[in-house]
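Asker: okay, structure incoming, though there's no sequence with it:
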Ligand SMILES: [Zn+2]
């Protein structure tokens, strides 16, 4: 009997760079993997600029990233979204978590937490201190944490392995609203992915450690859980993550860079001279894309 070609009912993927520098080889890999995985399954692919942490933003780098993506031939569905436009949505999610008594204010300083806990796990000091929520008051000087139970969260990463994390033992009650009045990465990403109906998240290995926390928030807010896949990070021969390098070079739009990126992701794309133009490259990559061929590694050295 011929096997039916089963495809998910709908696939919505995304790439969500923070505008803290140029699009470099490391971020190109995440963009490429998420894009090829979506397009190879007739899925949609969205672009979101994660600009909630204003302190990290480098002016105009959102424009530069978008330009580089365009030059590389990426095509996104729907309008580009910005996290800074979504604050009201994060507020609503936070209110929901406060309402179900799952969050509490914490006035501990970093130094205090360091003294209380050697491994960085927050010991729940403020859980029962009864500090009242007052998020509208700009004078308040506390963060808001979410309570976590001592349960192990298990998820199957599409590329890596079966992942498990006990949040109580390995993280502790974690921050969802920072002392400097910024919603945490964990909360904002979960809310945006939910509102954009993202079904598949393909991103760098550095975020695998955040996944259990994000799944926990999804569960508490009653959101459907997306599928996760974490690609290896590109590091230099000195093991420095590319995006952390101040000299992380802006990628050029030439086909050789795209071919190199696809090879890094384990795809048999041949050589750059096989392609007449960028559209030709993408068409081929999306045809042959096989996520099972992406190396099951945390990081891979690159030459530059
Ligand atoms: Zn505290």
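Answerer: Yep, it's here. Predicted model, so just to flag it, every value in this text is computed and none were measured.
Asker: which stretches of the stretch 51-200 of the chain form strands?
Answerer: For the stretch 51-200 of the chain, the strands defined by DSSP state E, counting those that start in this stretch occupy 81-82, 103-106, 143-146, 152-156, 162-166, 174-177, 200-204.
Asker: between those, which one is nearest to the ion?
Answerer: Of all the strands of the stretch 51-200 of the chain, strand 103-106 sits nearest to the ion, with 3.3 Å by CB to the ion. (Each C-beta comes from the backbone N, C-alpha and C, glycine too.)
Asker: which neighbours does that closest one have in its sheet, and in what orientation?
Answerer: Strand 103-106 has the following strand partners under DSSP bridges: strand 143-146 (antiparallel).
Asker: my guess is residue 61 contacts residue 24, does it?
Answerer: No. Look at residue 61 against residue 24 with CB atoms under 8 Å: they stay out of range, at 11.0 Å.
Asker: what does the protein put close to the ion?
Answerer: Residues of the chain lying close to the ion (CB under 5 Å from the ion) are 106, 108, 125, 126.
Asker: 6 Å instead, please
Answerer: 106, 107, 108, 125, 126 (CB under 6 Å from the ion).
Asker: for residue 102, see how far away whatever residue of the stretch 151-300 of the chain ends up closest to the ion is.
Answerer: With CB to the ion as the measure, residue 173 is the residue of the stretch 151-300 of the chain nearest to the ion, at 8.5 Å. In this view, residue 173 and residue 102 are 10 Å apart by CB to CB, to the nearest Å.
Asker: these two: which has the busier surroundings?
Answerer: Applying other CB atoms under 10 Å to residue 173 and residue 102 shows that residue 173 carries more neighbours, namely 23 against 18.
Asker: may I have the phi/psi pair for that one?
Answerer: When read as degrees, to the nearest 10, the backbone of residue 173 gives phi -60, psi 130.
Asker: give me the beta-bridge partners of the closest residue to it other than its chain neighbours?
Answerer: Closest residue in space to residue 173, ignoring its immediate chain neighbours: residue 145 at 4.2 Å, by CB to CB, 6 or more residues apart in numbering. Counting by DSSP bridges, residue 145 forms beta bridges with residue 104, residue 175.
Asker: mind listing what residue 145 touches?
Answerer: Each residue near residue 145 by CB atoms under 8 Å, 6 or more residues apart in numbering is listed here: 103, 104, 105, 106, 122, 126, 173, 174, 175, 176.
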